[in-house]
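Trainee: my questions concern the predicted model and sequence given below.
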Amino acid sequence: MNKRLILKYIGYMLVIEGIFMLPSVGIALYRKESASFFAFLLTIAVLEGVGFLFVSLNRKKDGNFYAKEGFCTVALSWIIMSLFGALPLYISGAIPSYVDCFFEIVSGFTTTGATILSDIEALPRSLLYWRSFTHWLGGMGVLVFILAIVPLSSENGNSLHILRAESPGPVVGKLVSRMKTTARILYAIYIMLTVIEIVLLLLGGIPLFDAVTISYGTVGTGGFAITNNGIASYDSYYLQGVITVFMILCGVNFNIFYLLLMREFKLAFKNLELRVYLGVILASTLLITWNTFGMYDSLRSAFHHSIFQVVSIITTTGFATVDFNLWPEFSKMILFILMFIGASAGSTGGGIKVSRCIIMYKSIKNEIKKLIHPRSVKLIRMDGKILSDDTMHSVSIYFGTYFAIFALSILVVSLDGFSFMTTVSSVAACLNNIGPGFDVVGPLGNFGSLSVLSKLVLSADMLIGRLEIFPMLLLFSPSLWIRSK
């Protein structure tokens with residue numbers, strides 16, 4: 001285990017996190033939020049001090065850096081980033097409990113959007129900005145950003161190991177030959193989407209602060225709002241329509257955008273995951289529109305709210321325009337299923353991912369055919385490419401591990417004594433990085449009434465879900481830390 005290089009990369013991450021807090025310092029100074037101002041200054045000082053210490057003490061020879069170091073670096077970075085990121089909320093006194101602060105910031109960085117706050121608007125603007133900005137940072141990944149700007153040892157595979165550990169999906173590859181260029185392309189697309197949405201929201205007449213924070217939550221598929229009523233506060237078909245479109249876009253594999261930029265239109269639209277993703281959205285929207293039509297004054301209104309909530313849930317953004325707790329059970333069950341499907345691999349969304357669901361479906365179909373024709377050999381393909389046995393195996397293991405963690409988390413959270421739907425949906429909402437669940441933790445509720453143990457378990461679920469399970473589990477493997485002879 002190359003601990004020196006791991007600490008060096010964590011040091012870079014801490015330095016970058018401190019720099020990203022500077023806009024919040026400016027907002028606090030402008031709005032004369034003294035408690036937040038000093039909280040951010042103190043946190044930045046600690047981050048820069050610890051970060052530069054880690055980098056300077058480990059500046060010498062890099063040495064070997066394998067996949068295990070990449071996974072370990074990413075997992076530790078996200079935990080440490082959240083521990084430090086929670087400090088401004090705690091030091092300022094805005095949220096008295098550090099566990100609550102940690103839950104809130106983990107929810108931000110993992111783009112979950114679950115909150116313990118009952119009065120969001122009571123937070124100072126500087127903290128509201130930082131809270132929303134964590135979505136944007138976590139959406140693409142802080143370490144991917146570091147790969148784009150910091151001269152790391154990209155030629156020996158370090159960058160690829162980090163990108164694989166931080167990027168969602170069963171298969172991660174390069175867009176171009178150099179990892180640094182790949183990271184820069186990803187962030188360029190990410191920034192472009194953010195800027196375009198901000199401009200379109202401003203054209204809808206909302207304040208700049210609102211447009212920026214909403215865009216952070218949309219493009220990062222996070223879901224933190226800055227008002228108590230969420231997106232319902234912006235009662236405009238145009239504004240909510242813009243958010244819907246960008247949630248759909250940001251649930252798409254970013255490789256598709258690269259193909260479009262390269263004018264590979266045919267290749268982009270032939271992508272099976274994209275077609276299934278859009279098909280699930282359309283089918284779910286039509287079913288919920290039909291089921292909820294009587295609750296709204298027009299078909300247009302029913303369709304509008306249906307597609308917004310469908311897209312919000314499948315992309316794991318978690319915004320809400322209505323209280324879907326009041327919808328018929330049929331519609332709520334559709335949303336519940338969408339929680340697990342999630343967005344596309346290679347997007348900023350969470351969940352199991354559409355590609356894994358497709359692979360599992362093809363695998364089950366293949367096994368059924370083998371039962372009928374035992375001697376036949378059927379290869380599983382996706383987008384014309386044969387899926388390797390390693391990919392099939394990893395997807396199967398992922399599903400098994402996922403549901404084991406899901407069941408164990410439900411068991412622990414059930415100790416709080418809440419309803420079945422509250423317990424199950426709170427775990428589903430956090431493990432899939434969605435945000436709101438049903439009942440107590442629904443779109444108009446929050447996670448504040450849960451116990452400290454449940455909040456810690458759900459915080460772990462959010463990190464596990466965002467990092468695709470195995471980087472976090474690897475930290476608990478004794479063989480990782482024992483030096484081989």
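Mentor: Now that the structure is in, tell me what you want to look at. Residues are numbered from 1 along each chain as shown.
Trainee: where does the stretch 351-485 of the chain have low pLDDT?
Mentor: Scanning the stretch 351-485 of the chain for pLDDT under 70 picks out the ranges 481-485.
Trainee: rerun at 90
Mentor: Within the stretch 351-485 of the chain, the stretches with pLDDT under 90 are 359, 362-396, 444, 467-485.
Trainee: mind listing the strands for it?
Mentor: 381-382, 385-386 (DSSP state E, counting those that start in this stretch).
Trainee: will you turn those into TSV that also has mean neighbour count and distance to Ile410?
Mentor: Every C-beta, even on glycine, is put in place using the N, C-alpha and C of the backbone. Shown next, in TSV, are the strands of the stretch 351-485 of the chain (neighbours: other Cβ atoms under 10 Å; distance: least, Cβ to Cβ, whole Å):
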stretch	mean neighbour count	distance to Ile410
strand 381-382	14	32
strand 385-386	10	36
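Trainee: name the helix or strand for the residue lying closest to Gly11 once chain neighbours are set aside, please.
Mentor: Closest residue in space to Gly11, ignoring its immediate chain neighbours: Phe54 at 2.9 Å, by Cβ to Cβ, 6 or more residues apart in numbering. Secondary structure assigned from DSSP states H and E places Phe54 in helix 34-57.
Trainee: off-centre distance for the helix or strand following that helix?
Mentor: Per DSSP H and E, helix 34-57 leads on to helix 67-85 as the next helix or strand towards the C-terminus. Averaging C-alpha positions (Cα atoms, centre = their mean, to the nearest Å) puts helix 67-85 15 Å from its chain's average.
Trainee: how about stretch 1-16?
Mentor: Taking Cα atoms, centre = their mean, the mean C-alpha location of stretch 1-16 is offset from the chain mean by 22 Å.
Trainee: swap in stretch 470-477?
Mentor: For stretch 470-477 - counting by Cα atoms, centre = their mean - the centre lies 19 Å from the chain centre.
Trainee: quick check: Ile231 touching Gln240?
Mentor: Yes: Ile231 lies in contact with Gln240 (Cβ atoms under 8 Å); the separation is 6.1 Å.
Trainee: these two: who's more crowded?
Mentor: Taking other Cβ atoms under 10 Å, Ile231 and Gln240 do not tie; Ile231 has more neighbours (25 against 20).
Trainee: for the more buried one, which non-adjacent residue is spatially closest?
Mentor: Excluding its sequence neighbours, the residue lying closest to Ile231 (Cβ to Cβ, 6+ apart) is Phe319, at 4.7 Å.
Trainee: which residues are in contact with the one you found?
Mentor: By Cβ atoms under 8 Å, 6 or more residues apart in numbering, the contact list for Phe319 reads 113, 217-218, 223, 225, 230-231, 243, 247, 308, 312.
Trainee: can you rerun that using 7 Å?
Mentor: Counting by Cβ atoms under 7 Å, 6 or more residues apart in numbering, Phe319 makes contact with 217, 223, 225, 230-231, 243, 312.
Trainee: Leu83 now?
Mentor: Taking Cβ under 7 Å, 6+ apart, one finds Phe102 in contact with Leu83.
Trainee: how near is it to Gly108?
Mentor: 13 Å (Cβ to Cβ, to the nearest Å).
Trainee: state the three-state secondary structure for Thr316.
Mentor: On the three-state scheme (DSSP: H, G, I helix; E, B strand; the rest coil), Thr316 is labelled coil.
Trainee: give me the three-state assignment for the nearest residue to it once chain neighbours are set aside.
Mentor: Excluding its sequence neighbours, the residue lying closest to Thr316 (Cβ to Cβ, 6+ apart) is Gly350, at 3.9 Å. Put simply, Gly350 is coil when judged by three-state DSSP.
Trainee: which helix or strand lies directly C-terminal to the lowest-mean-pLDDT helix or strand in the chain?
Mentor: Every helix and strand of the chain was ranked by mean pLDDT, DSSP states H and E. The lowest is helix 158-166, at a mean of 52. Using DSSP H and E, the helix or strand that follows helix 158-166 in sequence is helix 179-203.
Trainee: distance between that following helix and the chain's centre?
Mentor: 16 Å.
Trainee: what's the answer for stretch 243-254, then?
Mentor: Chain-centre distance of stretch 243-254: 13 Å, with Cα atoms, centre = their mean.
Trainee: before we move on, what about stretch 312-321?
Mentor: Here stretch 312-321 is found 11 Å from its chain centre; the criterion is Cα atoms, centre = their mean.
Trainee: quick one: contacts of the helix or strand in which Tyr238 is found?
Mentor: Per DSSP H and E: Tyr238 is located in helix 237-250. The list of residues contacting helix 237-250 from outside it, by Cβ under 7 Å, 6+ apart, reads 193, 197, 200-201, 204, 206, 214, 218-219, 221, 231, 234, 281, 304, 307-308, 311-312, 315, 317, 319, 321, 347-349.
Trainee: buried members of the residues you listed into ChimeraX, please.
Mentor: Buried residues within the contacts of helix 237-250, by 16 or more other Cβ atoms under 10 Å, are selected in ChimeraX with:
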select :193,197,200,201,204,214,218,219,221,231,234,281,304,307,308,311,312,315,317,319,321,347,348,349
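Trainee: residue nearest the middle of this protein, spatially speaking?
Mentor: Nearest residue to the geometric centre of the chain (Cα atoms, centre = their mean): Thr111, 3.7 Å.
Trainee: that one looks like it's in a helix, true?
Mentor: No: according to three-state DSSP, Thr111 belongs to no helix; its state is coil.
Trainee: just give the number of residues close to Lys365.
Mentor: For Lys365, using other Cβ under 10 Å, the count is 12.
Trainee: before we move on, what about Met333?
Mentor: By the other Cβ under 10 Å criterion, the neighbourhood of Met333 contains 11 residues.
Trainee: how near is it to Ala302?
Mentor: Counting by Cβ to Cβ - Met333 and Ala302 are separated by 18 Å.
Trainee: before we move on, what about Gly342?
Mentor: Taken as Cβ to Cβ, the span from Gly342 to Ala302 is 25 Å.
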